[in-house]
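1. Everything below, folded, please.
(one chain, ligands or ions: 1)
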Amino acid sequence: MPAEADGDAPLAVVEAARQFLSTFKTPCMILVAVSGGSDSKGLLLALHEAIARGFSAFSLSACTVDHGLRPESASEAHAVAQFCAGRNIPHLTRRWLGEKSATGLQAAAREARYVLLADAAEEAGAQCIVTAHTAEDQAETVVMRQSRSRPDAPGLAGMADGMLVDRRVWVLRPFLNQRRADIRGYLALRGEEWFDDPSNANPRFERVRVRQALHDDTRSTTDRFMAATEARRRSSARVADLLERHVAVFERSVARIDPALAGDMSDPDWRRAILSLTAVLGGRRHLPGRETAARLAAFLAEGRDGRMTAGRVVFDRRRSGLYLYREARNLPEIVIRPRQKAIWDGRFLISNIGQEPVAVAGGVDAREFAARPIAAGLPEAIVKRAAKSAPVFSKVGQGALSSKPLVETSIGLYDTFLPRFDLMMANSIAALFGRDRYLAPPVHDVLTEKTG
Ligand SMILES: Nc1ncnc2c1ncn2[C@@H]1O[C@H](COP(=O)(O)OP(=O)(O)OP(=O)(O)O)[C@@H](O)[C@H]1O
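-> This is a model prediction of the structure:
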């Protein structure tokens, strides 16, 4: 399926691969996520060529995820494996065996794909993953985000050029500025073919509808995206700074905000800071929606002492500050088997390191929780209220637990997918909740290295 290409464009694709390799802190093995479509096959070939021409300390491996959604998917994965074998590139195929319900199919397939790719990277010994998202993918993402923009969106940052998956491996996107026609031209020049996924033309999916409607020049969208990404990174740096200066978190459960900043949400970065804290304390994976944010802003603007609940979080306003803690309602009860981990209430990752099952419930007896925050200077009434939603561990059946589980805050906002432009604020949230910094990307990053 050869396609038209500009004169120098094929070399531009290899040049993009070369430039990408030159951004690494140290040479490493890169796992290329190859679907068999033109973009990812082009990325694999361009990296392979760039490595052969001057970057020999790098190596490649590849992985294809067979989602099992189309009859041809297994044979396509096999063809990719053969293509890799011909170039001495180790290749893994991973099958998605999860539940495939019609609603949210693409989102479920996406999350499963990234986790399978992360597992494959670990198995192959690769230090990062690359995907071949293009300038067209970027333009589509911007349009889709525009249509559902959340209150946290400063400008229209599109897809990040890097994303940490599962807290363990970075997915980088070296072709975000490359056009599909150029990648296809490059493949044609090298005499290579590719598969066209028919679901890329299925109007059931939002991305496909957007693509079909998008007549925008992707080059100008790319420029706008780069400016927006820069704005988003600066916003993230500022949010990090605001959180560090004005917020304290006690026992991973109560946040105190300086009284001076308790009444105002008009600054978009400060609003993001408060809404992010709300998501973490409320155990949610997304920021509260527009309406909740507006209700909260109205409450804070009143400037009076009192309480309101938003996004499962109580906002308790007193002269000494604004206190945030999880409301004591709808707290789940779970049992964690020996040597297993589970996320409780979206807020805590609990590891049962003992030999017996552990039951987890909310705030039945929180005396232990109460002692420390009071000693740290929190008002007693706040501690008592917050204690009601703290996790309490017990033995299933009679008696006392012989070993306590390990507990850390689960940051649903970032633990599965952390876009690179939010790394600084994610790190300051992690620090507030007593967690280590997130894994740093393997490539140089001027902004985070300067300020973070
Ligand atoms: N089945 C697959 N196996 C391996 N890699 C894949 C697969 N599907 C997609 N990819 C990788 O992801 C890139 C983007 O693919 P595509 O646009 O189809 O995914 P997407 O669902 O839109 O991605 P995202 O959800 O991350 O925006 C591909 O260029 C390829 O690198």
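2. May I see the domains of the protein written out as residue ranges?
-> In the domain annotation for the chain, the residue ranges read 9-229, 246-327+417-451, 334-409 (automatic domain parsing).
3. who touches residue 306 in this structure?
-> Residues counted as contacts of residue 306 (CB atoms under 8 Å, 6 or more residues apart in numbering) are 299, 317. (Glycine included, C-beta is placed from N, CA and C.)
4. State the distance from it to residue 319.
-> 12 Å (CB to CB, to the nearest Å).
5. Residue 68 too?
-> Residue 68 is 59 Å from residue 319, by CB to CB.
6. These two: which is more packed in?
-> residue 68 (14 against 8; other CB atoms under 10 Å).
7. and the gap between the more buried one and residue 77?
-> Residue 68 sits 10 Å away from residue 77, going by CB to CB.
8. Output the set of residues of this protein in proximity to the ligand.
-> Applying CB under 6 Å from any ligand atom, we find that the chain lies next to the ligand at 33-35, 39-40, 64-65, 67, 110, 113, 131-133, 137, 207.
9. where does this structure dip in pLDDT?
-> Counting by pLDDT under 70, the ranges of the chain that qualify are 1-10, 102, 146-157, 197-222, 224, 364-368, 446-452.
10. try it again with 50
-> Applying pLDDT under 50 to the chain flags residues 1-5, 151-152, 154-155, 451-452.
11. Please enumerate the helices of it.
-> For the chain, applying DSSP state H gives helices covering 9-21, 38-52, 73-85, 105-124, 135-147, 180-189, 206-213, 218-246, 268-282, 290-302, 367-375, 380-387, 423-432, 446-451.
12. what's around residue 196, how many residues?
-> Neighbours of residue 196 under the rule other CB under 10 Å: 10.
13. typed the wrong thing, it's residue 125
-> 12.
14. cool, and the one 5 residues further on?
-> The number of residues packed around residue 130, counting by other CB under 10 Å, is 26.
15. so it touches residue 176, yeah?
-> No. Counting by CB atoms under 8 Å, residue 130 does not reach residue 176; the two are 11.0 Å apart.
16. who touches both of those two?
-> With CB under 8 Å, 6+ apart, residue 130 and residue 176 have no common neighbours.
17. Contact partners for the residue of the stretch 301-450 of the chain found nearest the ligand?
-> Nearest residue of the stretch 301-450 of the chain to the ligand: residue 417, at 8.9 Å (CB to the nearest ligand atom). If you count contacts by CB under 8 Å, 6+ apart, residue 417 has them with 114, 163, 164, 165.
18. how close does the third one get to the ligand?
-> It stands for residue 164. Distance, residue 164 to the ligand, by CB to the nearest ligand atom, to the nearest Å: 13 Å.
19. tally of neighbours for the closest residue to that residue other than its chain neighbours?
-> Spatial nearest neighbour of residue 164, excluding adjacent residues (CB to CB, 6 or more residues apart in numbering): residue 418 at 4.1 Å. Using other CB under 10 Å, residue 418 has 24 other residues around it.
20. Residue 418 is in contact with residue 163, isn't it?
-> Yes. With contact defined as CB under 8 Å, residue 418 and residue 163 form a contacting pair (6.5 Å).
21. In the stretch 301-450 of the chain, mark out all the strands, start to finish.
-> Using DSSP state E, counting those that start in this stretch, the strands found in the stretch 301-450 of the chain span residues 306-310, 313-318, 321-326, 334-336, 341-344, 348-351, 358-362, 391-395, 406-409, 417-419.
22. need those in CSV with distance to residue 26, can you?
-> Formatted as CSV, those follow (distance: least, CB to CB, whole Å):
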stretch, distance to residue 26
strand 306-310, 45
strand 313-318, 42
strand 321-326, 41
strand 334-336, 39
strand 341-344, 31
strand 348-351, 30
strand 358-362, 41
strand 391-395, 41
strand 406-409, 29
strand 417-419, 22
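23. So which of those strands has the densest surroundings on average?
-> When those are scored by mean count of other CB atoms under 10 Å, the highest mean neighbour count falls to strand 321-326 (a mean of 24).
24. hmm, which of the residues of the chain next to the ligand are the buried ones?
-> 33-35, 39-40, 64-65, 67, 113, 131-133, 137, 207 (16 or more other CB atoms under 10 Å).
25. ok so, going back, quick one: the helices of the chain as a markdown table, columns for distance to residue 395 too.
-> As requested, those are exported to a markdown table (distance: least, CB to CB, whole Å):
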| stretch | distance to residue 395 |
| --- | --- |
| helix 9-21 | 53 |
| helix 38-52 | 50 |
| helix 73-85 | 47 |
| helix 105-124 | 32 |
| helix 135-147 | 47 |
| helix 180-189 | 58 |
| helix 206-213 | 48 |
| helix 218-246 | 38 |
| helix 268-282 | 28 |
| helix 290-302 | 38 |
| helix 367-375 | 16 |
| helix 380-387 | 21 |
| helix 423-432 | 31 |
| helix 446-451 | 45 |
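26. Compare the ones you listed and give me the one nearest residue 406.
-> helix 367-375 (15.6 Å; CB to CB).
27. Mind listing residues that contact the closest one?
-> Counting by CB under 8 Å, 6+ apart, 250, 251, 253, 254, 363, 380, 382, 383, 384, 386, 387, 390 sit against helix 367-375.
28. Mind checking which of those residues are buried?
-> The neighbour count (16+ other CB under 10 Å) marks 250, 251, 253, 254, 363, 382, 383, 386, 387, 390 as buried among these.
29. Tell me who's in contact with the residue nearest to residue 292 when sequence neighbours are not counted.
-> Once flanking residues are discounted, residue 292 sits nearest to residue 310: 4.9 Å by CB to CB, 6+ apart. Contact analysis of residue 310 by CB under 8 Å, 6+ apart lists 278, 288, 292, 295, 296, 299.
30. Please apply the same query to residue 351.
-> Residue 351 neighbours (CB under 8 Å, 6+ apart): 340, 341, 405, 406, 407.
31. wouldn't the last one be in contact with residue 349 here?
-> Yes. Between residue 407 and residue 349 there is a contact under CB under 8 Å: 7.4 Å.
32. on that earlier part again, now the contacts of residue 351 in TSV, with distance to residue 329?
-> TSV is the format used below for these (distance: CB to CB, whole Å):
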residue	distance to residue 329
340	26
341	25
405	23
406	26
407	21
